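[1] Got a predicted model here, sequence first, then my questions.
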Amino acid sequence: MRRGLAVVALSAAVFGAWWYTQPPMPAELYRARCAACHALPDMSRYQRNEMAEIVRMMRESNGGEDVIGGKEAEIIARYLEETRIP
């Protein structure tokens, strides 16, 4: 019985450690990072090809570098481009 509980506890610990180290999903990353500074805008008013520039501008001109890392900016821009409804 104790061995079974130990296996379950070890499995839960390993899964918990794996889950904790996984990067956030792009949608979660967008919401968390962008909403840290402002309300999330209606992105439907922008074109797909504008998304990367918007993210770059937020980082460089509006102090977002303290909130959004370079790789995160790429993920957010790609997410916005891919989910943009034409």
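    Nice, thanks for sending it over.
[2] Give me the below-cutoff pLDDT ranges for this structure.
    In the prediction, the chain carries residues with pLDDT under 70 at positions 1-23, 86.
[3] On the three-state scheme, the residue most central in space within it is what?
    Central residue of the chain (CA atoms, centre = their mean): residue 29, 1.6 Å from the mean position. Classification of residue 29 using DSSP: H, G, I helix; E, B strand; the rest coil returns helix.
[4] I figured it hits residue 72, correct?
    Yes - when contacts are counted by CB atoms under 8 Å, residue 29 is listed as touching residue 72 (6.0 Å). Every residue, glycine included, has its C-beta placed from N, CA and C.
[5] Please identify which helix or strand holds residue 33.
    If you go by DSSP states H and E, residue 33 is part of helix 26-34.
[6] repeat for residue 80
    For residue 80, the enclosing helix or strand under DSSP H and E is helix 70-83.
[7] counting contacts, what elements does that helix pack onto?
    helix 26-34, helix 51-61 (3 or more CB pairs under 8 Å, 6 or more residues apart in numbering; DSSP states H and E).
[8] and the longest one, which residues are buried?
    The reference is to helix 51-61. Within helix 51-61, the residues scored as buried using 16 or more other CB atoms under 10 Å are 51, 52, 54, 55, 58, 59.
[9] Nearest to residue 82 among the residues you listed?
    Relative to residue 82, the closest of these is residue 51; by CB to CB it sits at 9.2 Å.
[10] Now that closest one: closest residue in space, sequence neighbours ignored.
    residue 80 (4.0 Å; CB to CB, 6 or more residues apart in numbering).
[11] list the contacts for that neighbour?
    By CB atoms under 8 Å, 6 or more residues apart in numbering, the contact list for residue 80 reads 30, 43, 51, 54, 55.
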